[in-house]
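Colleague: no sequence for this one, just the structure:
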């Protein structure tokens, strides 16, 4: 059932929660290469997080969460392509009671096993230099020279000390196969060959004490859309131009690596006092110690020796936060932090620099004048009351979803989500097509102050006169709709083929 919320509050919500992206800026590749340390560690660089009620037919009782990693993948990334880090720990955390602490965590560990495929050359068996030795059309065929696998654990309570159980396939199998990246059409037997192959890696799984769900881990076409180049050239675009087709999506020809899960709603809301709102964020960690091996042995993971405690190096909830809100000196610190410690970053929310930058570049668009920016604190750290704010919320940054709001069908979705009356969209979670860039820009410039009115109906402690540009329809000129994405899990599109990198691609709607 949909929550009984007024349309004004819903619109506020969107803009407010969008405020989550409030820190957001004229846009950028959500959280791609957002901190100095992660530029050196692309395999554990989280780029985007998505969280929504599943809108695939018959799956409305599930929540879909998708965490993307390894940014800016060129389709022709051979011969090794884009494997997950064997020495990394990838996690998706859920806060089910609003206390800013993880209650349920899904942990992913990866392993890449070489098969040492060889050819007879001059009377000797010599190992080949490629990841495949022939066509691929089934799970782990003999022609695949490196087998990529992973395991999943569910941890209830603290991520390191809580109760841990393995997630399994039918029959209790513990190890999951991951598809190799989209090498090219010849390898997979035609233009549609890769998606048929990748589809064999959508696994039905048993989640202990939670029921059954689905998992897919593999390469996808980059879903995030934004005019990256013009945005970072001092916002070299018309922020009041056409919302659709005004600029080029600079990520259109890139791929990304996705960790996707479909989880029963009851698994995430059971025992939380009837509160339907959940929070989520994803992290990646590395071992604290690392020694470079001066004489690596044969194999894929022998160039270094790593050990010690897991140390978090990447964190992502709402889009664009670390990328365009957190100051340069604190970006690595933010990535190592947990939501329960977000008070240390409060100045970046109450006194944001993005609006001031926009005013400098566009003097006719003055920044809001209400300091501290309590409107942003309310939306960014708490969620909107009556929409996606937990009953007993502890202020903290994460993506929040009200699971009691029914999913909107693919055909009826609006990319502006709550702001356009589509309550199942951003900032109530985030779906593939939600335009978080435009929404975040507008909230940063005071959209909530305008929406709240003179009587502060939204309880954000500001008024329309505090935000002279708060009613402007700011945009980066790039937009997609749900029709541009798949109608079913894992929703993101087929990754661009390595041999088709120079051609246009919109492999979306009907796939």
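Modeller: Right, received. Where do you want to start? Just so it is clear, the model here is predicted, and its values are computed rather than measured.
Colleague: My read is that residue 488 contacts residue 58, right?
Modeller: No - assessed by C-beta atoms under 8 Å, residue 488 is found out of contact with residue 58, at 9.8 Å. For every residue, glycine as well, the C-beta is placed using N, CA and C.
Colleague: Comparing those two, which residue is more hemmed in?
Modeller: residue 488 (15 against 8; other C-beta atoms under 10 Å).
Colleague: For the more buried one, pull up the helix or strand it's in.
Modeller: Remark: residue 488 resides in no helix or strand, with elements defined by DSSP states H and E.
Colleague: distance of it from residue 265?
Modeller: According to C-beta to C-beta, to the nearest Å, residue 488 stands 18 Å off from residue 265.
Colleague: what's the nearest residue to residue 208 if we skip its chain neighbours?
Modeller: residue 165 (4.1 Å; C-beta to C-beta, 6 or more residues apart in numbering).
Colleague: Tell me the confidence at the one you found?
Modeller: Residue 165 carries a pLDDT value of 97.
Colleague: I'd guess it is in a helix, am I close?
Modeller: No - per DSSP: H, G, I helix; E, B strand; the rest coil, residue 165 lies outside any helix segment and is strand.
Colleague: Please name the residues that touch the closest residue in space to residue 291 that isn't next to it in sequence.
Modeller: In space, and not counting its chain neighbours, residue 291 is closest to residue 305: 4.5 Å by C-beta to C-beta, 6+ apart. Residue 305 sits next to 290-291, 293 when contact means C-beta atoms under 8 Å, 6 or more residues apart in numbering.
Colleague: Does residue 305 belong to a helix, a strand or coil?
Modeller: strand.
Colleague: Kindly state the pLDDT recorded for it?
Modeller: Looking at residue 305, its pLDDT reads 93.
Colleague: gap between it and residue 252?
Modeller: Remark: distance between residue 305 and residue 252 (C-beta to C-beta) = 40 Å.
Colleague: Likewise for residue 170?
Modeller: Distance, residue 170 to residue 252, by C-beta to C-beta: 38 Å.
Colleague: With neighbour numbers in mind, choose between these two.
Modeller: Shown here are residue 170 and residue 252; by other C-beta under 10 Å, residue 252 has more neighbours (15 against 10).
Colleague: Low-confidence regions, the chain specifically.
Modeller: In the predicted model, the chain carries pLDDT under 70 at residues 1-31, 501-511.
Colleague: Walking through it, point out its helices one by one.
Modeller: Using DSSP state H, the helices of the chain run over 7-19, 185-188, 193-199, 228-232, 265-269, 321-324, 331-336, 346-350, 354-361, 374-382, 436-444, 447-452.
Colleague: any chance of those helices in TSV, with mean neighbour count too?
Modeller: Converted to TSV, the helices of the chain look like this (neighbours: other C-beta atoms under 10 Å):
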stretch	mean neighbour count
helix 7-19	28
helix 185-188	18
helix 193-199	19
helix 228-232	19
helix 265-269	19
helix 321-324	26
helix 331-336	19
helix 346-350	16
helix 354-361	17
helix 374-382	25
helix 436-444	31
helix 447-452	28
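Colleague: any chance of those helices in a markdown table, with distance to residue 412 too?
Modeller: Formatted as a markdown table, those follow (distance: least, C-beta to C-beta, whole Å):
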| stretch | distance to residue 412 |
| --- | --- |
| helix 7-19 | 15 |
| helix 185-188 | 34 |
| helix 193-199 | 26 |
| helix 228-232 | 29 |
| helix 265-269 | 21 |
| helix 321-324 | 29 |
| helix 331-336 | 36 |
| helix 346-350 | 33 |
| helix 354-361 | 32 |
| helix 374-382 | 25 |
| helix 436-444 | 18 |
| helix 447-452 | 23 |
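Colleague: what about those helices, which gets the closest to residue 478?
Modeller: Smallest distance to residue 478 across the helices of the chain (C-beta to C-beta): 7.3 Å, for helix 436-444.
Colleague: Return the distance of the closest one from the chain's centre.
Modeller: Offset of helix 436-444 from its chain centre (C-alpha atoms, centre = their mean, to the nearest Å): 17 Å.
Colleague: oh, and call the first residue 38 from now on, that's how I've got it
Modeller: Got it, first residue is 38 now, which makes that one helix 473-481.
Colleague: Now for residue 524: which residues touch it?
Modeller: 92-94, 447.
Colleague: From those residues, list the buried ones, please.
Modeller: 92-93, 447 (16 or more other C-beta atoms under 10 Å).
Colleague: Narrow the residues you listed to those in strands?
Modeller: Among these, DSSP state E puts none in strands.
Colleague: Closest one to residue 500 out of these, please.
Modeller: Relative to residue 500, and with distances defined as C-beta to C-beta, the nearest of the buried ones among the contacts of residue 524 is residue 92, at 37.0 Å.
Colleague: Please name the nearest non-neighbouring residue to that closest one.
Modeller: That would be residue 444: by C-beta to C-beta, 6+ apart, it lies 4.2 Å from residue 92.
Colleague: Repeat that for residue 107.
Modeller: Of all residues not flanking residue 107 in the chain, residue 294 sits nearest, at 4.5 Å (C-beta to C-beta, 6+ apart).
Colleague: what is that neighbour paired to in the beta sheet?
Modeller: residue 106, residue 256 (DSSP bridges).
Colleague: That one touches residue 118, doesn't it?
Modeller: No - checked against C-beta under 8 Å, the pair residue 294 and residue 118 is beyond contact range at 9.7 Å.
Colleague: quick one: common contacting residues for the two?
Modeller: residue 256.
Colleague: where exactly do the strands run in the stretch 438-548 of the chain?
Modeller: Taking DSSP state E, counting those that start in this stretch, the stretch 438-548 of the chain contains no strands at all.
Colleague: just the stretch 38-187 of the chain next, same as before
Modeller: 83-90, 99-110, 125-132, 141-151, 155-158, 161-164, 183-193.
Colleague: Same list (the ones you listed) but as TSV, adding mean neighbour count.
Modeller: Shown next, in TSV, are these (neighbours: other C-beta under 10 Å):
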stretch	mean neighbour count
strand 83-90	26
strand 99-110	24
strand 125-132	23
strand 141-151	19
strand 155-158	10
strand 161-164	10
strand 183-193	19
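Colleague: Among the contacts of residue 342, which one is most surrounded by other residues?
Modeller: Tallying neighbours with other C-beta under 10 Å puts residue 327 at the head of those, with 12 neighbours.
Colleague: in terms of contact, does it touch residue 343 like I think?
Modeller: Yes - taking C-beta under 8 Å as the definition, residue 327 is a contact partner of residue 343 at 4.9 Å.
Colleague: shared neighbours, the two?
Modeller: Common neighbours of residue 327 and residue 343 (criterion: C-beta under 8 Å, 6+ apart): none identified.
Colleague: Quote the end-to-end distance of stretch 476-492.
Modeller: Terminal residues of stretch 476-492 are spaced 23 Å apart (C-alpha to C-alpha, to the nearest Å).
Colleague: cool, and stretch 228-239?
Modeller: Taking C-alpha to C-alpha, stretch 228-239 runs 20 Å from one end to the other.
Colleague: Any chance you could list what contacts that stretch?
Modeller: Residues contacting stretch 228-239 (C-beta under 8 Å, 6+ apart): 173-176, 213-216, 219, 222, 224-225, 251-256, 526-527, 531-532, 534, 548.
Colleague: Just the buried ones among those, please.
Modeller: For these, a burial check counting by 16+ other C-beta under 10 Å picks out 173, 213-216, 219, 222, 224-225, 251-256, 526-527, 531-532, 534.
Colleague: okay but the residue nearest to residue 92 is in contact with residue 94, surely?
Modeller: No - taking contacts as C-beta under 8 Å, residue 444 lies outside contact range of residue 94: 10.5 Å.
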